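A.B. asks: all I have is the shape, not the residue letters:
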């Protein structure tokens with residue numbers, strides 16, 4: 001496999017095998033590989049008719065579905081560069097990305113609805129592409145100011161996929177009795193990790209990718225059971241939400257030393273709830289708490305954690321599903337080199353890395369044990385990674401905060417959510433109201449969850465470059481070494497992510513033994529309304 005075009009013939013060969021299964025909560029659609037291939041041909045014909053050719057760009061802004069997958073492959077077939085955009089991004093952010101990337105066409109949910117009705121075209125000739133040609137330009141989740149995309153070429157993505165294709169080939173014959181192997185992918189296809197598990201791995205397994213718009217834990221479990229899903233792909237927050245769901249329906253004590261079969265038998269009620277075909281979760285995008293891993297492991301389920309970055313196309317290290325090690329990010333993927341710098345930073349190089357230069361500086365701190373397993377030990381960069389796996393760049397949030405005349409200076413810190421530290425021009429300012437107004441200008445994942453007032457006239461800064469010492473600010477706040485700092489947690493529900501809202505909904509329903517209206521709950525903006 002030198003380019004992704006080489007995989008089009010594999011799609012064609014799989015014929016009437018199930019390729020994609022998707023649900024909107026009310027209805028489920030199933031497409032075979034033949035259906036997908038016919039839709040790819042129809043889109044290729046459409047691109048040709050519109051004069052969209054090699055090296056042109058198209059933007060895709062929609063939720064996961066079969067037509068998304070077919071459009072991606074059609075662009076591969078014509079050498080058209082894809083600009084995938086997270087469907088959760090606001091129209092304002094999408095407009096900025098569109099202005100920066102300059103796509104020749106835009107495909108949103110409305111356009112994908114139209115594609116669903118197109119007649120299949122099974123005969124088309126893929127264009128000639130080279131390993132150095134561009135596949136896509138991926139925009140990470142932290143862009144509030146001037147968006148910047150990461151360019152991925154065929155050689156980058158193919159280099160990352162080849163080791164997985166090779167390993168899966170070893171086990172393919174053992175998977176035949178369990179076909180179709182269905183992978184429920186809850187990550188957006190606009191993200192590299194979502195593409196890996198939602199587009200490429202199902203193809204290598206000759207299995208099926210499953211998509212659903214449901215995020216409520218109980219409905220995810222129902223979908224897994226009803227559709228006989230084998231593997232769930234998600235961010236840690238979803239696995240945490242499912243843990244709460246599991247605790248409500250599993251009254252058996254977990255045994256840390258029991259064998260796998262004994263664990264499954266002891267927790268057979270829970271396994272029946274998920275369906276007997278379900279056995280593993282692949283989790284990425286953010287760090288997984290080892291206690292969360294152990295919770296599922298003790299109940300007879302496998303949790304596969306890995307480590308990657310958009311700039312690495314994306315997987316750097318991953319646990320083998322049959323040899324997963326709790327707390328570890330797994331072993332480095334073949335074809336990549338990882339080095340721990342003297343200051344503890346994880347450095348990566350290899351053909352899958354998209355940046356120029358010798359080593360990719362990840363901004364993450366780590367260790368490698370004697371068996372070659374990689375471990376996450378914290379962050380060197382200031383980037384905040386939410387439990388949903390979305391990046392928040394402090395500079396972006398500070399740029400919004402500093403537009404308010406009430407704020408003299410701001411500093412944004414945090415590990416998995418945004419904490420804003422403010423120096424005000426007027427101490428009498430309504431701080432809660434100010435934060436609420438700021439949140440209205442921020443993307444959902446960037447919204448302020450906690451805030452504090454800094455009592456000094458200025459923040460600590462470096463002597464030469466005058467950069468904010470964010471770690472020092474966080475240290476003083478956490479150690480309470482700066483007295484008299486009023487701090488609070490945002491009472492406004494609009495600062496919560498969709499997954500956090502689902503978790504809160506589940507907890508309230510469990511505590512009060514009532515069923516709440518999901519649509520009405522989604523519209524709440526304050527604890528007063530709640």
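C.D. replies: Looks like it came in fine. Since the model is a prediction, treat every value here as computed from it, not as a measurement.

A.B. asks: for residue 317, give me its contacts.
C.D. replies: Residue 317 makes contact with 306, 307, 308, 329, 330, 331, 332, 333, 338, 374 under the criterion Cβ atoms under 8 Å, 6 or more residues apart in numbering. Where C-beta positions appear, they are placed from N, C-alpha and C, glycine not excepted.

A.B. asks: bridging residues for it?
C.D. replies: Going by DSSP bridges, residue 317 is paired in beta bridges with residue 307, residue 332.

A.B. asks: doesn't residue 76 make contact with residue 133?
C.D. replies: No: in this structure, residue 133 is not within contact of residue 76 by Cβ atoms under 8 Å, at 9.9 Å.

A.B. asks: check contacts around the nearest residue to residue 192 once chain neighbours are set aside.
C.D. replies: Leaving out its chain neighbours, the residue that sits closest to residue 192 by Cβ to Cβ, 6 or more residues apart in numbering is residue 314, at 3.7 Å. Applying Cβ under 8 Å, 6+ apart to residue 314 gives the contacts 160, 191, 192, 193, 196, 308.

A.B. asks: pretty sure the last one contacts residue 192?
C.D. replies: Yes: using Cβ under 8 Å, residue 308 makes contact with residue 192 at a distance of 7.3 Å.

A.B. asks: what about these two, which has more around it?
C.D. replies: A side-by-side neighbour count of residue 308 and residue 192, using other Cβ atoms under 10 Å, places residue 192 first with 26 against 23.

A.B. asks: could you tell me how far that one is located from residue 160?
C.D. replies: 9 Å (Cβ to Cβ, to the nearest Å).

A.B. asks: hey, what's in contact with both of the two?
C.D. replies: Listed as contacting both residue 192 and residue 160 by Cβ under 8 Å, 6+ apart are 313, 314.

A.B. asks: which is the next helix or strand following the helix or strand harbouring residue 160?
C.D. replies: Using DSSP states H and E, residue 160 sits within helix 154-175. Going down the chain from helix 154-175, the next helix or strand is strand 182-185, by DSSP H and E.

A.B. asks: which residues touch the helix or strand in which residue 420 is found?
C.D. replies: Using DSSP H and E, residue 420 falls within strand 418-424. Strand 418-424 is contacted by residues 384, 392, 397, 401, 406-413, 431, 435, 438, 446-454, 456-459, 473-474, 477 when judged by Cβ under 8 Å, 6+ apart.

A.B. asks: show me the contacts for the nearest residue to residue 139 once chain neighbours are set aside.
C.D. replies: Computed as Cβ to Cβ, 6+ apart, the closest residue to residue 139 that is not its neighbour in sequence is residue 149, at 4.7 Å. By Cβ under 8 Å, 6+ apart, the contact set of residue 149 is 83, 97, 100, 101, 137, 138, 139.

A.B. asks: now the helices for the stretch 351-500 of the chain?
C.D. replies: For the stretch 351-500 of the chain, the helices defined by DSSP state H, counting those that start in this stretch cover 394-401, 431-440, 470-479, 498-512.

A.B. asks: now do the shortest one against helix 470-479, angle only.
C.D. replies: Pointing back at helix 394-401 there. Helix 394-401 runs at 80 degrees relative to helix 470-479, counting by axes from the mean of the first three to the mean of the last three Cα atoms, to 10 degrees.

A.B. asks: how about the residue nearest to residue 128 when sequence neighbours are not counted, what does it touch?
C.D. replies: Of all residues not flanking residue 128 in the chain, residue 79 sits nearest, at 7.8 Å (Cβ to Cβ, 6+ apart). By Cβ under 8 Å, 6+ apart, the contact set of residue 79 is 53, 54, 55, 127, 128, 129, 133.

A.B. asks: and what of residue 40?
C.D. replies: Going by Cβ under 8 Å, 6+ apart, residue 40 touches 8, 11, 70, 73, 74, 77, 124.

A.B. asks: of the residues you listed, which is the most crowded?
C.D. replies: Top of the contacts of residue 40 by neighbour number is residue 70, holding 29 neighbours under the definition other Cβ under 10 Å.

A.B. asks: is that residue in a helix, a strand, or coil?
C.D. replies: When classified by DSSP: H, G, I helix; E, B strand; the rest coil, residue 70 comes out as helix.

A.B. asks: isn't it up against residue 41?
C.D. replies: No: the pair residue 70 / residue 41 is not scored as a contact, 9.1 Å apart, by Cβ under 8 Å.
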